[in-house]
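Chemist: what follows is a predicted structure for the sequence shown.
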Amino acid sequence: MSSSSETPPRNQTRELAAIMFSDIAGYTLIMGRDERTAIRALDEHRELLRGLLPKFNGRMLGEIGDGTLSSFHSAVDAVNCAREVQATLMDDAELRLRIGIHVGDVLFANNTVFGDGVNVASRIHALAPPGGICISERVYDEIRNQPGLPVKDLGEQTLKNVSRPIRIYALDLSGAPSQPSTSVASAAIAKNLRIGRRTVVVASVAGLLFAGLIYGALNRRVFVTNISSVLRQSTTHGRIRSLAVLPLVNLSGDPGQEYFADGMTEELITDLAKISALRVISHTSVMQFKGERRKSLPDIARMLNVDAVVEGSVLRVGGKVRINAQLIDAPADKHLWAQSYERNSRDVLALQGDLASAIAHEIDVHLTPIERANLSNARAVNPAAHEAYLKGVYYWHQWTEDGYRKSADYLEQAVKADPESAEAYAALARTYADAAETFLSSAIAMPKAQAAALKALELDPSNSEALTVLGVVKFEYDFDWEGAEREFQRAIAANPRYAEAHHHYGYFLWIRGRADESIAQMEQAREFDPLAPAIAGDVVAPLLLHKQFDEATRQAQQLVDMNPQHWEGHFWIGFIEQARGRPKAAVPEMEKVRALFPSPYSAGVLGYAYAIAGNRDGARKLLEELYNESKVRYVSPFYTGWVHLGLGEKDQALKQLEKAYNQRATRWLLQIKGPMFDPLRSDPRFIDLFHKIRLDQ
């Protein structure tokens, strides 16, 4: 065996594994005092592990002096094995072990094992007291919601031959049973450990026979069926019909890999959302809990209104990906099921499908033949294309100009590398549609969005994301009301659980003056994406058509309370104050919009607020900023027209609005139907613009 610092030989194989290193505390002193006792302790240490490892799906990789190195398919198995080892030896004064566990990459070559997993695990164990267990942060992230596994945070530790500090946790074994009781084999080992090698071997064989019986039951599905029945009866809801996939933890140790963990989270959500009998919370809402350790799972379940959550981690090393997932009855904070899945990078979509199918099976959700086929027939991916796709989606979720620019660049790379990816074309269409009036004019962005959406639908006619983008283009760019409504309805029919389809359709209905229908669609969107700021904000819009100012304010304040650092809640509170005829009360909120979201849009918002509140100097300063900025980058003329309108400069306002129409900067022109544009409504130029946008139809 060798450390990871040596140059590995050829003919290598890699695995992602949980590595357990154990040695005998004070072995050198024991050897110096009584060689026979030391040798007996060494034999018993190894025989104990050989008897217990099969029970926890583990295997011994090798022996180093008085130490042993073992690997497991999951961190949960490794920790449970370590706990049973220490519980078995609890009353043995002569044999005390120290154990360390880490999750990492292991490289096998010519009967030699290398890798980060080996090196770190072999260092962690030295921090454990005799009879104790220490684990790395990667292991802790995988077991932290397991019942009965309390830990003590030892902080970041600098380990020999490990380049970076690693946070270490010590398992609290004070509540562990003095005698393990989970199997007949373990009891036999505990009882006969001191009698001799033959008895231990017999116990090991008994353990293997017991494992064989379980394996046979698993193959006949009897064991799984019985366990699933117990799990379903144990849930507080009786049946699980709604769940949230919390952000998968990035176990790579590299913050630059966050995009991969986030992408795996979103793809698992997408697969689960294909199951019609299950309500799955959208990516935007669950990402509110990324890295969240302050809220309990019952609190998260209440906020998302779900029966269960899926938690887990993802680790990618070389060409392999491993996801460890666990299903938790969230209101009761009770663990129900856990499993690990590992595939090559090309088969990552199949990995996600397997995981989604397993979750559906465990909660007894019926899959239609089409749903079963969709989850089991995932195509192999082009790794380079998939990498670019995940980065593109990651940057889109930043909802900033720079994020949209990077997203478009990566997604263009993705479709070039894999022209058969409907998902990449749909994501590219969404990015261009959202980028309109940011770093690109609508005249450039909307045709690009339309072309990408049509290509996605050529590859997958039922892609609801692409259908939604087509609806947005027809609505906001072509002013084709009939065509837009048709595409939104097609998108919802293709995937009734796609929140953005309901959201955009609700916004369309608001602009069309159909308030009640708009509210219904917004509520549907919020059912699947309850914490998305854009959806929560736009719920306010149709309420204003009915002049329900108090309810609108309550909804907007909820958005602020949920995320005070997001600008949309502040915008809607300010907008409501303006609609109430209280412009000065709107100013502090619009100033927050400007501070949280510095952009030409927020300059227009605040400039108009200053103007109607009487701060003409502040309005003119922002107007000057907008004109100067338009000389070096794209700025929609609508924003400058908005500020001129607030200042009462009707001619300048109309000139800028006409310029916006001629430049096809049409997204915000739909707002001219609102009451703030009443001062222009009788002007023939405004009436002509109203006709061009077809708002009179």
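Modeler: Structure's in. What do you need?
Chemist: if I pick Ala358, what's in contact with it?
Modeler: Gln339 (Cβ atoms under 8 Å, 6 or more residues apart in numbering). C-beta: built from backbone N, CA, C; applies to glycine.
Chemist: element containing it?
Modeler: Element membership of Ala358, judged by DSSP states H and E, is helix 348-362.
Chemist: quick check: next helix or strand after the strand or helix carrying Val85?
Modeler: Element membership for Val85, per DSSP H and E: helix 75-88. On the C-terminal side of helix 75-88, the nearest following helix or strand under DSSP H and E is strand 97-109.
Chemist: strand partners (parallel or antiparallel) of that next one?
Modeler: Partners of strand 97-109 in the sheet, by DSSP bridges, are strand 12-24 (antiparallel), strand 112-114 (antiparallel), strand 133-136 (parallel).
Chemist: could you dump the ones you listed to a markdown table with mean neighbour count?
Modeler: As requested, those are exported to a markdown table (neighbours: other Cβ atoms under 10 Å):
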| stretch | mean neighbour count |
| --- | --- |
| strand 12-24 | 24 |
| strand 112-114 | 20 |
| strand 133-136 | 29 |
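Chemist: rank those by pLDDT, which is bottom?
Modeler: Lowest mean pLDDT within the strands paired with strand 97-109: strand 112-114, at a mean of 64.
Chemist: what mean pLDDT does the helix or strand following that one get?
Modeler: As assigned by DSSP H and E, the chain's next helix or strand after strand 112-114 is helix 116-124. When pLDDT is averaged over helix 116-124, the result is 80.
Chemist: same question, stretch 377-386
Modeler: The average pLDDT within stretch 377-386 is 86.
Chemist: equivalent analysis for stretch 581-594, please.
Modeler: On average, stretch 581-594 scores 95.
Chemist: how is this structure divided into domains?
Modeler: Following automatic domain parsing, one finds the domains of the chain at 12-213, 234-381, 599-697.
Chemist: out of the ones you listed, flag the one nearest Glu523.
Modeler: Comparison of the domains of the chain against Glu523 by Cβ to Cβ identifies domain 234-381 as nearest, at 12.5 Å.
Chemist: nearest residue to Ala338 in space, please, no chain neighbours.
Modeler: Excluding its sequence neighbours, the residue lying closest to Ala338 (Cβ to Cβ, 6 or more residues apart in numbering) is Gln326, at 4.0 Å.
Chemist: got the angle for whichever strand or helix holds that neighbour vs strand 12-24?
Modeler: Gln326 is located in strand 320-329, with elements delineated by DSSP H and E. Counting by axes from the mean of the first three to the mean of the last three Cα atoms, to 10 degrees, strand 320-329 points 60 degrees away from the direction of strand 12-24.
Chemist: adjacent strands (with direction) for the helix or strand that strand 320-329 is followed by?
Modeler: Downstream of strand 320-329, the first helix or strand assigned by DSSP H and E is strand 334-344. Looking at strand 334-344 with DSSP bridges, its partner strands are strand 320-329 (antiparallel).
Chemist: is Leu69 in a helix, a strand, or coil?
Modeler: strand (DSSP: H, G, I helix; E, B strand; the rest coil).
Chemist: burial measure for it, as a count.
Modeler: Using other Cβ atoms under 10 Å, Leu69 has 21 neighbouring residues.
Chemist: that one reaches Leu53, doesn't it?
Modeler: No. If you go by Cβ atoms under 8 Å, Leu69 and Leu53 don't touch, sitting 11.4 Å apart.
Chemist: who touches both of the two?
Modeler: Shared contacts of Leu69 and Leu53, defined by Cβ under 8 Å, 6+ apart, comprise Met60.
Chemist: tell me which helix or strand the spatially most central residue of the chain sits in.
Modeler: Centroid check for the chain by Cα atoms, centre = their mean gives Pro247 as the closest residue, at 3.2 Å. Assigned by DSSP H and E, Pro247 belongs to neither a helix nor a strand.
Chemist: what sits closest to it if chain neighbours are left out?
Modeler: Closest residue to Pro247 apart from its sequence neighbours, by Cβ to Cβ, 6+ apart: Lys290 at 4.2 Å.
Chemist: for the one you found, grab phi and psi.
Modeler: Lys290 has phi and psi values of phi -70, psi 120 when expressed as degrees, to the nearest 10.
Chemist: please verify my assumption that it contacts Val249.
Modeler: No. The criterion here is Cβ under 8 Å, and Lys290 misses it with Val249 at 9.3 Å.
Chemist: the two: which is more packed in?
Modeler: Neighbours per residue (other Cβ under 10 Å) separate Lys290 from Val249, with Val249 holding more: 22 against 15.
Chemist: ok, now which ones touch that one?
Modeler: Going by Cβ under 8 Å, 6+ apart, Val249 touches 141-142, 261, 312-314.
Chemist: would you mind measuring from it to Ser313?
Modeler: To Ser313, Val249 is 4 Å away according to Cβ to Cβ, to the nearest Å.
Chemist: shared neighbours of the two, which are they?
Modeler: 141-142, 261.
Chemist: closest to Ser296 out of those residues?
Modeler: Nearest to Ser296 among the shared contacts of Val249 and Ser313, counting by Cβ to Cβ, is Asp141 at 16.6 Å.
Chemist: need the contact list for the closest one.
Modeler: The contact partners of Asp141, taken as Cβ under 8 Å, 6+ apart, are 249, 251, 313.
Chemist: what about it, which helix or strand?
Modeler: According to DSSP H and E, Asp141 maps onto helix 137-143.
Chemist: now the element after that helix, going C-ward?
Modeler: Downstream of helix 137-143, the next assigned helix or strand under DSSP H and E is strand 151-157.
Chemist: so Lys621 sits in a helix?
Modeler: Yes. Secondary structure of Lys621 (three-state DSSP): part of a helix.
Chemist: and it, how many neighbours?
Modeler: Applying other Cβ under 10 Å, we find 13 residues neighbouring Lys621.
Chemist: ok, back up a step: save the contacts of Asp141 as TSV, and put in pLDDT and secondary structure too.
Modeler: Output for the contacts of Asp141, formatted as TSV (pLDDT from 0 to 100; DSSP: H, G, I helix; E, B strand; the rest coil):
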residue	pLDDT	secondary structure
Val249	86	strand
Leu251	80	coil
Ser313	85	strand
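Chemist: ok, the residues you listed vs Ala433, which is closest?
Modeler: Distance to Ala433 across these (Cβ to Cβ) is lowest for Val249, with 31.6 Å.
Chemist: distance check, the closest one against Gln257.
Modeler: Counting by Cβ to Cβ - Val249 and Gln257 are separated by 11 Å.
Chemist: same deal with Gln555?
Modeler: The gap separating Gln555 from Gln257 is 37 Å, by Cβ to Cβ.
Chemist: low-confidence regions, the stretch 301-450 of the chain specifically.
Modeler: Along the stretch 301-450 of the chain, no part satisfies pLDDT under 70.
Chemist: so which residues of it form helices?
Modeler: With DSSP state H, counting those that start in this stretch, the ranges of helices along the stretch 301-450 of the chain come out as 348-362, 369-376, 383-396, 401-417, 422-435, 442-459.
Chemist: do the same with the stretch 151-300 of the chain
Modeler: 184-192, 197-219, 222-234, 258-272, 283-286, 297-304.
Chemist: let me know the average pLDDT across the second one.
Modeler: It stands for helix 197-219. For helix 197-219, mean pLDDT rounds to 34.
Chemist: for the remainder of this discussion, apply numbering that starts at 53.
Modeler: Sure, I'll start counting at 53 from here, so that last one is helix 249-271.
Chemist: how far does stretch 175-188 stretch from start to finish?
Modeler: The straight-line separation of the ends of stretch 175-188 (Cα to Cα, to the nearest Å) is 10 Å.
Chemist: may I see the buried residues of that stretch?
Modeler: By neighbour count on 16 or more other Cβ atoms under 10 Å, the buried set for stretch 175-188 is 175-177, 179-180, 183-188.
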